[in-house]
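Engineer: Any chance you can model this:
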Amino acid sequence: MARFPFSDRKIDSLKVPAEGQIDHYDTRAQGLGIRLSYGGSKTWFVRYSHSGHRRRYGLGRFPAVKLADARLLALGALHTTMVAGSDPALERRAKLQSATLLTLAETYIEEYAKPKKRSWGEDNRILVTGPYFKRLHARRAIEVTRADIIERLQGIRKNNGGVMANRALAAIRGLYQWGIR
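Structural biologist: Prediction:
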């Protein structure tokens with residue numbers, strides 16, 4: 001763990017570890033940190049206390065989220081905790097649990113797929129804009145069953161072929177794995 005004043009250039013030049021993860025903290029913004037993972041990712045987070053417990057709240061990945069944006073997001077999370085007295089991590093979890101499949105898919109695309117996947121456009125087409133899962137968009141994501149997914153995949157296979165069904169399966173699986181995590 002190192003503490004130093006962050007700059008975009010400094011963050012860009014940080015070396016990722018050969019194994020595990022390393023956290024670095026900003027001396028200019030309270031609680032702001034960046035986690036470097038052996039896989040090459042650099043993820044912003046803010047540390048805060050809520051009800052006597054230390055918590056970590058993810059803010060996004062560098063370089064998709066720049067330093068100035070990370071500082072504003074950290075300030076917002078700390079404001080939510082200190083002034084409003086609520087926990088931003090619990091609010092995010094509650095929001096995702098009550099989300100419809102469409103809302104969850106849009107959040108997945110913005111928070112995970114765009115910053116991390118080159119094929120995010122394909123995921124967006126399959127999950128959000130395409131006809132493949134439109135029937136399920138209005139349902140709460142937590143209420144969609146395996147049988148619903150299997151039925152949709154069989155319809156996709158019949159109308160669009162096996163390759164498209166496999167791609168749709170990969171996209172919906174990635175969405176739910178991210179949502180559960």
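Engineer: For the helix or strand hosting Q177, buried residues please.
Structural biologist: Assigned by DSSP states H and E, Q177 belongs to helix 162-180. Using 16 or more other C-beta atoms under 10 Å as the test for burial, helix 162-180 gives 164-165, 167-169, 171-172, 174-176, 178-179. Glycine gets a C-beta too; all of them are placed from N, C-alpha and C.
Engineer: ok, now how distant is V163 from R157?
Structural biologist: Between V163 and R157 the distance, using C-beta to C-beta, to the nearest Å, works out to 9 Å.
Engineer: For this protein, just list every one of the helices.
Structural biologist: Using DSSP state H, the helices of the chain run over 8-13, 67-79, 88-97, 101-108, 114-116, 120-124, 146-160, 162-180.
Engineer: Include distance to R54 and mean pLDDT when you put the ones you listed into CSV, please.
Structural biologist: Converted to CSV, these look like this (distance: least, C-beta to C-beta, whole Å; pLDDT from 0 to 100):
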stretch, distance to R54, mean pLDDT
helix 8-13, 23, 89
helix 67-79, 13, 85
helix 88-97, 11, 65
helix 101-108, 25, 90
helix 114-116, 26, 86
helix 120-124, 32, 92
helix 146-160, 37, 94
helix 162-180, 23, 91
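Engineer: Looking at those, which one is packed in the most?
Structural biologist: helix 101-108 (a mean of 21; mean count of other C-beta atoms under 10 Å).
Engineer: Now S37. Nearest residue, chain neighbours left out?
Structural biologist: Excluding the flanking residues, the one nearest S37 by C-beta to C-beta, 6 or more residues apart in numbering is Q21, at 5.0 Å.
Engineer: correction: E19
Structural biologist: In space, and not counting its chain neighbours, E19 is closest to Y38: 5.0 Å by C-beta to C-beta, 6+ apart.
Engineer: try A64
Structural biologist: P115 (3.8 Å).
Engineer: I'd like to know how far the one you found sits from D69.
Structural biologist: Distance from P115 to D69, by C-beta to C-beta: 12 Å.
Engineer: The residue nearest to S37 contacts G39, correct?
Structural biologist: No: using C-beta atoms under 8 Å, Q21 is not in contact with G39; the gap is 9.5 Å.
Engineer: Which one's more surrounded, these two?
Structural biologist: Q21 (13 against 8; other C-beta atoms under 10 Å).
Engineer: For F45, see how far away the more buried one is.
Structural biologist: Counting by C-beta to C-beta - Q21 and F45 are separated by 11 Å.
Engineer: Mutual contacts of these two, please.
Structural biologist: R35 (C-beta atoms under 8 Å, 6 or more residues apart in numbering).
Engineer: And the contacts of the helix holding Q177?
Structural biologist: Contact partners of helix 162-180, identified using C-beta under 8 Å, 6+ apart, comprise 96, 104-105, 108, 112-113, 122-123, 126-127, 132-133, 141, 149, 152-154, 156-157.
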